[in-house]
Every structure is written in C-alpha cells, then in structure tokens.
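Asker: Would you be able to build a 3D model of this:
(one chain, ligands or ions: 1)
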Amino acid sequence: MKLASRISRISVSQTMAVNEKALQMRALGVEIVDFGAGEPDFPTPENIKQAGSRAIECNFTRYTPIGGTPDLRKAIVEQHARIFGSNFRDSECLVNVGGKHAIFNTVSAIVDDGDDVVIPTPYWVSFADIVRYAGGRTVLAHTSEAEGFRLTAKLVEKSLTPKTRLLIANSPNNPSGAVIDNEEFVRIAALCHDRGIVLLSDECYSRFLYDGLKPFSLGAYPEFRDTLVIAGSLSKTYAMTGWRIGYVMGPRDLVAAVQKIQSHSTSNPPSISQQAALEALTGPQDSVEMMLAEYTRRRDFVVQRLNGIPGVECTSPGGAFYAYPNISSSYARGIKDSLDFSKQLLEQAHVAVVPGSAFGTENHIRISYATSLEQLDRGLSRIAQFIIRLDG
Ligand code: PLP
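Answerer: Numbers count the residues shown, from 1 in each chain. Now for the predicted structure:
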C-alpha cells in the first residue's frame, strides 16, 4: 500500500529491537532481568483504583467534555498551584490521553513545516519523531556529560536559528535524570520569551526529585506565560501508565487549538480514568512519597554499583528513575556502539537495557531502576561480569 510521505519521517523506536529480542528469549524460557521498562513497578494505589471502579459502577462511562471534566481541570491547576506556586486558570488547562498525547498535540498546534525545534540531548525518544511528524526540523543541543547533562541558557542560545519556533525541555530528564538548575531554567525561559520562541516544558517526572531538590515549575513565573506550555502526566507520579491521563497548561489560544485537534481525533480522555485521576490529585499523597523514598534507595544503590564497575562512569540522577552510565570504554574491547553493547548484553548476560543511540548519544545505556532492589542487584552483577569478560 502506498503510505503518506509523513510516515517515512518517523521510525519505530530503536528500543523496540532490543525489546523484541528480550521477549523472544523470554518465550524460550530464558530468565531476563529487564531494565528497559520506563514505568513504575508499583501498582496503582488502592484509592485511585477504587475511584475507577466507582466510576464504572455509577455509569460514568459516557463522553465527557473534549478537554476533560471541569472537576479534573480544576484539580490539575489547583494541585499545580499548591506544589509549584503557579496560577493557571481552568481555561488554560486541558486533559489529554497521557503526557505523550499532550506533547504530540502541542507540537502539532505550534510547529509548521520547516520550523526548527531545539531538542537537548539526551532526549526522550518521542520528542524528535513527534517534531518530524509535524514537519519540523530537529536541532539537537548536546548537553555536557561533565556538567551532569544539565541544560544551560548558553547552550540553548548557541542552538537557536532564525527559524527556531520551539524548545522542548524535560527536567527531570529521561534518560539522564538531570535536573535543570532553577536559575538557569529561568534564564532559558527569558531567552525564549525575548525571541518569541515557545518553551514546552515536559514535567512528567517533576514529583520525583532527590537530594532535597524542591519542586520547581516555570509556571510560577507569570512573565513567561505567553510563550510557555507545560505538559504533565499522571502516569509516573501515581503509577497510572495504563490509565492514560496527561495535561497541557498554557495560553488559551494554544489550549483551544489542542482542543480542536482532540475534537477530531481522540475526543475526550477516558471517562473512567478521569475519575481515577481526580482521586489521585485530590486524595492522599502518601503513595507518591513512598515511591520517591524507594526510588531514592534504588538510585543510590545503582549509581554506587555502576561506578564500581571498571571503566563505567555514571553521573548521579537528580530526579526521575533512570541511570545513564557511560559504557564507551568497552568500545575498544569488541563492542561497536551502544546498540551492539545492548544486544550483546542481552544475548550473553540476559539483561535488557536501552541503547543511548535511542536518546541521541552514543556512549551510554539507560537503566531503569523502576524495579526491585533484588532485580537491580542481579542485573548489575551480570552487567559487571559481562564488562569484565569483554576481550582485551
Ligand atoms: N515525557 C517523558 C520524558 C516520558 O518519559 C514519558 C513516558 O515515558 C512521557 C512524557 C509520556 O508519558 P505518558 O504518555 O505515559 O503520560
């Protein structure tokens, strides 16, 4: 069948190749340690599940407003105000079918054919494909590993072109866990604002911060609001990846444009999930604290173990639940690149990781520590053995 040319602008994620192989091996009975999954290993908290069940029992199973129920929009802006000090109005917020949908629709509403979009590396795999699908050109801004992969205003400035329309920032970052320094983030927002460039801030991991870092959002700065869009998600914060609830907060005309797109594509986010999301935002928050405490323990464990492997270096993530070690010293010892490392690691040591090439850097692998300490211990021992045994 002849397909639309826009399909050829995007590719099936490289992560899938390793993933598929891992599934095949599992089907053959091989015991795989999976560090690939980008989702919490915790179940959705009980109170949230019950709210979903109640929604079904009460027949809350029909269409809702396209941008989500008024109650949920209100709960989103109120929680954001409480935690981050923002003051969005309900009319500046809209609910989507997950954070990815929020980003997809925002980029679709902003980027024209031929526009440049600055994406800092390492980047979450979907940013680049979403931009290309919308007709934009990706301009990669390579953050420095020596500076902990933190984005700086200087780097953003160097990456701007006369055609720059949008910058996508993600802090805490997937895959590096880097958290942009608050003052630097404000400088970046000011730079974008001065040049009329939209800043899309992906806050998907904003509740998972370590080392006493305080919650931060550019939404708390009214002076940037006409060029700022926030994309959020309940997927990670409340272990709700399958429920598919995300949101956009930004200028009213942007929210109206996203609403228009949704009116012809997804219609409303699932009604049942919206009721569960309402409970997540307005009910007890102890599950978030529990998960953060557990991720902190795991982060410390993983970073220490990785840095103890000869030739491996890993910066300590400030947030999210991924470690992004540099494994390039193995390239002199029979490994070609990060994809080759990931394939050989899977075949020989039965550990699934994601190659750095999927995130725009070549010297790394991503390890998700959204898995038990026991699995982490087992997998990290296997990685250490694998590296020690490499040729040379
Ligand atoms: N943004 C980042 C950086 C992510 O890592 C993810 C998921 O992995 C998302 C957004 C989207 O999450 P969801 O669509 O599940 O809400």
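Asker: Spell out which parts of the stretch 151-300 of the chain neighbour the ligand.
Answerer: Residues of the stretch 151-300 of the chain lying near the ligand by Cβ under 6 Å from any ligand atom: 170, 174, 202, 204, 233, 235, 241, 246. Yep, even glycine has a C-beta here, placed from its N, CA and C like the rest.
Asker: and the closest residue to residue 50 other than its chain neighbours, how many neighbours?
Answerer: If the residues on either side of it in the chain are set aside, residue 50 comes closest to residue 279, at 7.6 Å by Cβ to Cβ, 6 or more residues apart in numbering. Neighbour count of residue 279, defined by other Cβ atoms under 10 Å: 20.
Asker: Which element, helix or strand, includes residue 279?
Answerer: Using DSSP states H and E, residue 279 maps to helix 271-282.
Asker: Distance from that helix to the middle of the chain?
Answerer: Distance of helix 271-282 from the chain centroid (Cα atoms, centre = their mean, to the nearest Å) equals 21 Å.
Asker: so what secondary structure elements neighbour that helix?
Answerer: In terms of contacts (3 or more Cβ pairs under 8 Å, 6 or more residues apart in numbering; DSSP states H and E), helix 271-282 is packed against helix 46-57, helix 70-84.
Asker: List every C-alpha atom in that helix, with coordinates, as CSV.
Answerer: The C-alpha trace of helix 271-282 is given here as CSV (Å, rounded to 0.1, in the frame of the first residue of the first chain):
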residue,chain,number,x,y,z
SER,A,271,-14.1,9.0,31.4
ILE,A,272,-13.2,6.3,34.0
SER,A,273,-9.6,7.3,34.1
GLN,A,274,-10.6,10.9,34.6
GLN,A,275,-12.4,10.0,37.8
ALA,A,276,-9.4,8.0,39.0
ALA,A,277,-7.2,10.9,38.1
LEU,A,278,-9.4,13.2,40.2
GLU,A,279,-8.9,11.0,43.2
ALA,A,280,-5.2,10.8,42.5
LEU,A,281,-4.9,14.6,42.6
THR,A,282,-7.2,15.3,45.5
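Asker: just use 22 as the starting number from now, easier for me
Answerer: With 22 as the first residue, the last one maps to helix 292-303.
Asker: Of the helices and strands packed on helix 292-303, which is nearest the ligand?
Answerer: Set against the ligand and scored by Cβ to the nearest ligand atom, the helices and strands packed on helix 292-303 come closest in helix 91-105, at 13.3 Å.
Asker: would you put the C-alpha positions of that closest one in CSV?
Answerer: C-alpha atoms of helix 91-105 as CSV (Å, rounded to 0.1, in the frame of the first residue of the first chain):
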residue,chain,number,x,y,z
PRO,A,91,-14.4,20.7,34.7
ASP,A,92,-13.6,19.0,38.1
LEU,A,93,-10.5,17.4,36.8
ARG,A,94,-9.2,20.5,35.1
LYS,A,95,-9.8,22.4,38.3
ALA,A,96,-7.9,19.7,40.3
ILE,A,97,-5.0,19.9,38.0
VAL,A,98,-4.5,23.6,38.2
GLU,A,99,-5.1,23.7,41.9
GLN,A,100,-2.6,21.0,42.6
HIS,A,101,-0.1,22.6,40.3
ALA,A,102,-0.6,25.9,42.2
ARG,A,103,-0.2,24.2,45.6
ILE,A,104,3.0,22.4,44.7
PHE,A,105,4.7,24.7,42.2
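Asker: Would you mind listing the buried residues in the one helix or strand residue 210 maps to?
Answerer: Element membership for residue 210 (DSSP H and E) is helix 203-216. The neighbour-count criterion (16 or more other Cβ atoms under 10 Å) identifies 205-214 as the buried residues of helix 203-216.
Asker: Equivalent analysis for stretch 215-233, please.
Answerer: For stretch 215-233, burial by neighbour count (16+ other Cβ under 10 Å) applies to 218-231.
Asker: if we can go back for a sec, by contact count, what packs against the helix holding residue 210?
Answerer: In terms of contacts (3+ Cβ pairs under 8 Å, 6+ apart), helix 203-216 is packed against helix 174-180, strand 185-191, strand 219-223.
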